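Novice: have a look at this fold, sequence not included:
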């Protein structure tokens with residue numbers, strides 16, 4: 001198994017590294033805090049847009065859960081596929097920016 005994470009400091013603590021080693025899980029080398037390179041980050045943005053369309057913000061955790069679940073169900077397989085297909089362009093933009101910020 002190969003696990004991908006963003007190498008945020010809390011994810012690469014000695015305790016976390018030991019757990020991955022104990023579980024025999026290889027962690028993919030990945031630049032720290034690189035949302036441009038991860039389609040799931042763009043997915044979360046899509047979800048936030050879908051749940052931000054409500055007349056008022058959620059007033060409690062269960063209402064937030066319900067609106068998030070409803071927003072999740074509105075995301076189509078085509079939207080997910082588009083995120084995956086866009087990844088090569090994201091990678092090219094990051095390379096051009098030498099690891100800096102991109103429009104993605």
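Specialist: Sure, I can see it. The structure presented is a predicted model; accordingly, all values stated were derived computationally and were not measured.
Novice: show me how the chain divides into domains.
Specialist: In terms of domains, the chain is parsed into 1-33, 34-104 (source: automatic domain parsing).
Novice: return the most buried member of those domains.
Specialist: domain 34-104 (a mean of 13; mean count of other CB atoms under 10 Å). The C-beta positions use only the backbone N, C-alpha and C, and glycine is treated the same way.
Novice: quick one: average pLDDT of it?
Specialist: Domain 34-104 carries an average pLDDT of 86.
Novice: that one: how far from the chain's middle?
Specialist: 7 Å (CA atoms, centre = their mean, to the nearest Å).
Novice: would you list the phi and psi of the residue of the chain most remote from its centre?
Specialist: In terms of distance from the mean C-alpha position of the chain, residue 55 ranks first, at 26.2 Å (CA atoms, centre = their mean). Dihedral pair for residue 55: phi -60, psi -30, per degrees, to the nearest 10.
Novice: list the contacts for it?
Specialist: For residue 55, no contacting residues are found, by CB atoms under 8 Å, 6 or more residues apart in numbering.
Novice: cool, and residue 91?
Specialist: Here residue 91 is in contact with residue 37 (CB under 8 Å, 6+ apart).
Novice: residue 62: which element?
Specialist: Secondary structure from DSSP states H and E places residue 62 in helix 61-74.
Novice: who are the packing partners of that helix?
Specialist: Judged by 3 or more CB pairs under 8 Å, 6 or more residues apart in numbering; DSSP states H and E, helix 61-74 is in contact with helix 39-51.
Novice: re the thing from before, ok, the residue farthest from the centre of the chain to residue 67 distance?
Specialist: Separation of residue 55 from residue 67 (CB to CB, to the nearest Å) stands at 11 Å.
Novice: do residue 38 as well
Specialist: 24 Å.
Novice: repeat that for residue 91.
Specialist: As judged by CB to CB, residue 91 and residue 67 stand 33 Å apart.
Novice: quick check: the spatially closest residue to residue 42 that is not a sequence neighbour vs residue 44, distance?
Specialist: In this structure, residue 42 finds its nearest non-sequential neighbour in residue 83, 5.1 Å apart by CB to CB, 6 or more residues apart in numbering. Taking CB to CB as the measure, residue 83 falls 11 Å from residue 44.
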